[in-house]
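J.: sequence-free structure coming up:
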DNA sequence: CGCAATTTTGACGTAGTTCAACACGTGTGG
DNA sequence: CCACACGTGTTGAACTACGTCAAAATTGCG
């Protein structure tokens, strides 16, 4: 049974109230390699029940965990959206990244064994939880699971490095925003159309913060890109009219 | 036998010519957890000979490996210094990071199984090589080695994330440079004095490139910090006079 | 509806870039 | 030996993108 099926059992198809969330399908979840059944001794065995709990929810603006907290679980976003933050010396929030449905949170805390950022829900959200101790115990016994785990962790490490690298080449505000929009598009797997509709339930303030810009600057860039017919903004929905041109922009 | 002892056998103590390099001691090398003997069956066994080769050298400005190359080895810098680079659309070099003696290179290519950047020696340098296939084969048989490997990879992932995070909060050129100098100091483990002498054989152009600044801007900041008595610059040697004040600067 | 939060727009200041000139050290060739 | 080119680093002056401050416009929520 996948997440969506589980959800459908408790909610009607017409979603009008706030409690109805769109749950990601397990087959599209980054955690799948360590949750789905593993071949062992010629039989497929499911270990997930030993360490997995599904759909723990987090209220909007609440923390799933905070910086410094000891690592006990790693998470996959099953619905909604989280931001990863740190607080600087001036007590200001600095956003280090976002995690969309299907993406992992906290998997990068395995080395220091404590979380290095706060994970805060943007809107009501939920995660699947994996207990690391139990996961590691299982993986010791099942080589294929272990292999999947190592590959999963390395892949995440790679992806976050790629994202950071795209941003450290201190570019113009315009190319930063272009790079961000394309990064989100790629992660939401909506790259199969010539124009792309992005639903981005993140405030301008949060986007600006993440990109290291002021909200005013970001707003101006949004206006500029719209005036130049590269995007079309309707509130939180952003239509990418010319992804190729955005791609060129992002590489400057 | 550690690297230094090996080196002393072939070179006199008074190093005047270019072929004499300062080799890092194995005990100070990041690769140590997978190179030094492992306890197994109550005996210490040394697996390193199965996958380790020492001191492959790279000439100044030559590539240890290039972007896109298939992963065959991971490396630890045993002498000298490497820069990690990518080439952008305008055929310009973008420096993604530096690796000093004792640090790893290429370990982040385990997921996509190909290198995502060029590794280029700054000055004549050398590395120890570990064959990944053989390393993984050994680690399958020896759980302690495997544990060390996983911890090592996660630790590296953590460290590079920390470095990136310090840089994405788009700060002033001054705080970028302060953060860079302190990062290098920490990595060279020279934080045990009130003033710190850094030998930084990296051109201003390369530092500016890495920090996303223009060489002129960087030069001005160096001058400014010197005028303010925070550092004292003598060519490639930089004396950090007031590390605490630099630390304050870096957090702005 | 009405208030608060968010977003956009305008006017102005500033940090960093750009372009140009210069200084210094090093290597090369006449 | 000097003349010259070349790479590297520094400094000055003008320009520009982004930040800052202020206010208006829009959105969202009780």
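T.: Okay, I see it. If you're wondering where the values come from, they're calculated on a predicted model, not measured in any experiment. Residues are numbered from 1 along each chain as shown, chains lettered A, B, ... in the order given.

J.: is any part of stretch A:95-110 close to DNA strand D?
T.: No: when contact is scored as CB under 7 Å from any atom of the strand, no part of stretch A:95-110 falls within range of DNA strand D; the minimum is 14.1 Å. (C-beta placed from N, C-alpha, C; glycine too.)

J.: is that stretch anywhere near chain B?
T.: Yes: with CB under 8 Å from any CB of the partner chain as the measure, stretch A:95-110 is seen reaching chain B through A:96, A:108, A:110.

J.: please name the residues that touch the first one.
T.: Residues near residue A:96 by CB atoms under 8 Å, 6 or more residues apart in numbering or on different chains: A:84-86, A:117, A:210, B:165, B:168.

J.: still on that earlier bit, lowest-confidence one in the residues of stretch A:95-110 next to chain B?
T.: Checked by pLDDT, the residues of stretch A:95-110 next to chain B have residue A:110 as the lowest-scoring entry (88).

J.: and the gap between the closest residue to it other than its chain neighbours and residue B:160?
T.: Setting aside the residues directly before and after it, residue A:110 is nearest to residue B:154 in space (CB to CB, 6 or more residues apart in numbering or on different chains), at 4.6 Å. The spacing between residue B:154 and residue B:160, counted by CB to CB, to the nearest Å, is 11 Å.

J.: residue contacts, the residue nearest to residue A:110?
T.: Contacts here follow CB under 8 Å, 6+ apart; on that basis residue B:154 touches A:108, A:110-111, A:153.

J.: and for the strand or helix carrying residue A:233, what's in contact with it?
T.: Using DSSP states H and E, residue A:233 sits in strand A:231-234. Contacts with strand A:231-234, where a contact means CB under 8 Å, 6+ apart, come from A:181, A:222, A:225-226, A:238-241, A:246.

J.: thinking again about what came up before, over to the residue nearest to residue A:110: give its phi and psi.
T.: The phi and psi values for residue B:154, taken as degrees, to the nearest 10, are phi -70, psi -40.

J.: can you show me the helices along the stretch 51-200 of chain A?
T.: If DSSP state H, counting those that start in this stretch is used as the criterion, the helices of the stretch 51-200 of chain A fall at A:132-141, A:143-168, A:173-187.

J.: the longest one vs DNA strand D: in contact?
T.: No: for helix A:143-168 and DNA strand D, the contact criterion (CB under 7 Å from any atom of the strand) is not met; the two come no nearer than 13.1 Å.

J.: number of residues surrounding the residue lying closest to residue A:106 once chain neighbours are set aside?
T.: The spatial neighbour of residue A:106 that comes closest, neighbours along the chain excluded (CB to CB, 6+ apart), is residue A:74 at 4.7 Å. Other residues near residue A:74 come to 25 when the count uses other CB atoms under 10 Å in any protein chain shown.

J.: and residue A:74, what's its pLDDT?
T.: The predicted local confidence for residue A:74 comes out at a pLDDT of 95.

J.: for residue A:174, same thing?
T.: Model confidence at residue A:174, given as pLDDT, is 95.

J.: can you pull up the bridge partners for residue A:118?
T.: For residue A:118, the beta-bridge assignment (DSSP bridges) gives partners residue A:85.

J.: quote the end-to-end distance of stretch A:111-122.
T.: Start to finish, the residues bounding stretch A:111-122 are 27 Å apart (CA to CA, to the nearest Å).

J.: how many neighbouring residues does residue A:91 have?
T.: 6.

J.: returning to what we had before: show me which of the residues of stretch A:95-110 next to chain B is closest to chain B.
T.: Lowest distance from chain B to the residues of stretch A:95-110 next to chain B (CB to the nearest CB) belongs to residue A:110, with 4.6 Å.

J.: mind listing what residue A:215 touches?
T.: Each residue near residue A:215 by CB under 8 Å, 6+ apart is listed here: A:204-205, A:208.

J.: now which of those residues would you call buried?
T.: residue A:208 (16 or more other CB atoms under 10 Å in any protein chain shown).

J.: dump the helices of the stretch 51-200 of chain A to TSV, plus distance to residue A:63.
T.: Conversion of the helices of the stretch 51-200 of chain A to TSV gives the following (distance: least, CB to CB, whole Å):
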stretch	distance to residue A:63
helix A:132-141	19
helix A:143-168	20
helix A:173-187	22
